[in-house]
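Colleague: Show me the folded form of this:
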Amino acid sequence: MKTASLWQNHNFRMLFSASAFTNLGDGILAVAFPWFATLLTRDPLLIGMVAGARQLPWLLFSLPAGVLTDRFNRRNILLVADSVRLGLALAAVGLAVAAPTGNVAVYLLIGLTFLLGSAEVIRDNTAQTILPNLVDAPQLEQANGLLWSTEQLAGQFIGPPLAGYLIGFAIALPFGIEAAMLALAIGLVSTIRMPRVEKAAPQAFGPALKEGLAWLWQHQTLRRLAFVLGFYNFIGSMFYGVLVLYAQEVLQLSAFGYGQLMAAQAVGGLTGSLIGPTVLRRTGPTAGLLSGVLAFTLCTSAMALSTSLWLIAPLMMLEAFGNMLWNIASVSYRQRKIPTAMMGRVNAAFRFFGTGPASAGSLTGGAVLVAAAGLGPTAALHLMYGIVAICAAGMLAYSAWRLRLD
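Modeller: Numbering: from 1, shown residues only. Presented below is the predicted three-dimensional model:
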């Protein structure tokens, strides 16, 4: 079908519009949370914990979230999860306005990010599993590409520099904007009319969970893809968990400059989301996966060896482009392969292995910087990104050898 047919689909329009608002808010938070942390402490381990706390729920709660997704109305799950996120955004406003100092304030921030991440586990798993219920199977790459494009445009291109601008006025402002974006998204999602879909047969929680894990384990390609993604997200979280310190210490960027760097990276991601489906039709999904890992390897290698913003910024754009090819190929593949009645549980099991390790990556990155503190901040950061680059090269070799998406 032509792209225009998607815009005639009321449910897709509402999901797309809601995603635009929530991604704008999330893009603002991507800068606001780590920058807020650096205002409270310069300890890289604590800063890494702020990022890790938002990712840890994927390890703890993704499997139970999958059972809930298959058991209840997916639109209603989105509404509840976003309502919880709205409350937490308002709590973050309160914390910023109170202007506390010291480690106690950092721990409060870590607690907020952990709760926010917990709500996001349920919300994000449901959002990925609801799409096959709203669009036809031949439209999945196109629909995923459009959703990824709004994530890149709103969440990566507009959100980060806007956050840097808002932080210049008051650190509480970004969290207030996030609350407003979530309120708008809740109103849009409430108008989605869910079609009748096949539901999982009533089961106790344990057997339902086991069934989803067993299905994933028996599917060789998805099992391998989940473990590769888990390692990718582990080292990717080392990359992003202390990126704010790299921007400050190595690249000497202000909050607004850091936001602009994130926006420049988003140009690559936005380009990938727009032309990615066309590229994948010509190259095949396996080439898309390998391109993503290769771009990440090149980018981290440059960050380990260079201090030039003019080299690193374009490579971050390339990394975002390759990462988008990976995302569109892998998400569309599993949306096609997983049975509708098990979509929530199997997708959650996949993300348990594929996203759960990210929390440990952020902490590991912070721990490496603490251990290498005697080298000085610049050398320690170069060392950390060098470790990531070596790991990425190994992952590229394994992926080229073992991963094939039929």
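Colleague: How much space separates residue 210 from residue 218?
Modeller: According to CB to CB, to the nearest Å, residue 210 stands 12 Å off from residue 218. For every residue, glycine as well, the C-beta is placed using N, CA and C.
Colleague: So between the two, which is more surrounded?
Modeller: residue 210 (15 against 9; other CB atoms under 10 Å).
Colleague: which SSE is that one in?
Modeller: Taking DSSP states H and E as the criterion, residue 210 maps to helix 205-218.
Colleague: just the CA coordinates of stretch 147-162, formatted as CSV?
Modeller: Output of stretch 147-162 as CSV, limited to C-alpha atoms (Å, rounded to 0.1, in the frame of the first residue of the first chain):
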residue,chain,number,x,y,z
LEU,A,147,7.3,6.1,14.1
TRP,A,148,11.1,6.1,14.3
SER,A,149,11.2,9.3,12.2
THR,A,150,9.1,11.1,14.7
GLU,A,151,11.2,9.8,17.5
GLN,A,152,14.3,11.2,15.8
LEU,A,153,12.8,14.5,14.8
ALA,A,154,11.0,15.3,18.0
GLY,A,155,13.1,13.2,20.5
GLN,A,156,16.6,13.7,19.1
PHE,A,157,16.5,16.7,16.7
ILE,A,158,14.2,19.2,18.5
GLY,A,159,14.2,17.9,22.1
PRO,A,160,17.9,18.0,23.1
PRO,A,161,18.7,21.6,21.9
LEU,A,162,15.3,22.8,23.4
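Colleague: Check the offset of that stretch from the chain's centre.
Modeller: Averaging C-alpha positions (CA atoms, centre = their mean, to the nearest Å) puts stretch 147-162 12 Å from its chain's average.
Colleague: For that stretch, give me every contacting residue.
Modeller: 15-16, 19-21, 23-31, 131, 177, 256, 258-263, 265-267, 269-270, 272-274, 276, 320, 324, 327-328 (CB atoms under 8 Å, 6 or more residues apart in numbering).
Colleague: One more: stretch 252-263?
Modeller: The contact list for stretch 252-263 (CB under 8 Å, 6+ apart) reads 27, 30-31, 35, 156-158, 160-165, 167-168, 244, 247-248, 251, 309, 313, 316.
Colleague: Could you check it and say which residues are buried?
Modeller: For stretch 252-263, a neighbour-count test (16 or more other CB atoms under 10 Å) marks 253, 255-263 as buried.
Colleague: likewise stretch 305-317?
Modeller: Quick answer for stretch 305-317 (16+ other CB under 10 Å): 309, 312-317.
Colleague: what's the answer for stretch 277-293, then?
Modeller: Buried residues in stretch 277-293, defined by neighbour count with 16+ other CB under 10 Å: 277, 279-280, 285-286, 288-293.
Colleague: One more: stretch 165-182?
Modeller: So for stretch 165-182, counting by 16+ other CB under 10 Å, buried means 166-167, 171-179, 181-182.
Colleague: Let me have these in TSV, extended by secondary structure.
Modeller: What follows is those, written out as TSV (DSSP: H, G, I helix; E, B strand; the rest coil):
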residue	secondary structure
166	helix
167	helix
171	coil
172	coil
173	helix
174	helix
175	helix
176	helix
177	helix
178	helix
179	helix
181	helix
182	helix
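Colleague: now, which of the buried residues of stretch 305-317 lie within helices?
Modeller: Cross-referencing the buried residues of stretch 305-317 against helices under DSSP state H gives 309, 312-317.
Colleague: now, which of those sits nearest residue 380?
Modeller: Nearest to residue 380 among these is residue 312, at 17.0 Å by CB to CB.
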